[in-house]
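Visitor: Structure for the following, please:
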Amino acid sequence: MNLSTQRPKISVVMVDGSFRERYDSIDFMANQDMAPEDYELIWVEYYGTIAPDLQRRIDARPGFRAVALGHTGTYHSSYCFNHGIAEARGEVVVIPDADVIAEPGFLNAVWRDHQASDRLVTYYHRHNEPKDK
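Guide: This is a model prediction of the structure:
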C-alpha cells in the first residue's frame with residue numbers, strides 16, 4: 001500500500017527552531033507498535049535549514065517528513081504548530097514536545113482514547129512533570 005495516499009489515523013506534529021541538539025524523538029516515534037501506515041510524523045522547522053542528522057532520520061522513515069518554513073528573526077512556535085496542523089492528514093493530531101521519549105505503545109494508547117470518545121482532547125503529561133502541582 002502506498003503510504004503517501006492512505007489517510008493515517010494519527011498525525012504527529014513536532015516543532016523546532018534550530019535549537020535541538022538531538023533528534024532521538026524521531027527514533028522513538030518510528031518504533032511505535034502502531035502500523036507505520038497508520039501514522040505520519042511532520043517535523044516543522046521555523047527557520048530555513050533542516051539539520052543533516054534530522055533529515056537523515058526523517059528520510060529513513062516512511063510517512064515521516066520535515067518542512068522548513070524559512071522564517072528569520074525571533075522564533076515563534078505558533079507558526080510551526082499552525083503549519084503542521086494544516087499539513088496533517090490524520091484523524092487525530094498529536095503534538096508532543098520534540099524531545100519526548102515515547103514508549104512504543106504511546107500512539108496506540110492515543111488511538112484507543114480517541115476511539116472511546118472522538119471529541120476528547122487529551123493532554124498526556126511528561127513523566128518528569130510533578131503530578132501534585
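Visitor: ok, so what distance separates residue 102 from residue 67?
Guide: Separation of residue 102 from residue 67 (Cβ to Cβ, to the nearest Å): 21 Å. Where C-beta positions appear, they are placed from N, C-alpha and C, glycine not excepted.
Visitor: should've said residue 30
Guide: Taken as Cβ to Cβ, the span from residue 30 to residue 67 is 18 Å.
Visitor: Residue 92 now?
Guide: Residue 92 is 20 Å from residue 67, by Cβ to Cβ.
Visitor: if you count what's nearby, which of these two comes out ahead?
Guide: Shown here are residue 92 and residue 67; by other Cβ atoms under 10 Å, residue 92 has more neighbours (20 against 15).
Visitor: which SS class is residue 110?
Guide: helix (DSSP: H, G, I helix; E, B strand; the rest coil).
Visitor: ok, it to residue 7 distance?
Guide: Distance of residue 110 to residue 7, given as Cβ to Cβ: 16 Å.
Visitor: quick one, which of these two is more surrounded?
Guide: Set residue 110 next to residue 7 and count neighbours by other Cβ under 10 Å: residue 110 wins out with 23 against 11.
Visitor: Leaving out sequence neighbours, find the closest residue to the more buried one.
Guide: residue 94 (5.7 Å; Cβ to Cβ, 6 or more residues apart in numbering).
Visitor: In contact with the one you found: list those residues for me.
Guide: Remark: with contacts taken as Cβ atoms under 8 Å, 6 or more residues apart in numbering, residue 94 is in contact with 10-13, 107, 110.
Visitor: what pLDDT does it get?
Guide: Note for residue 94: predicted pLDDT of 95.
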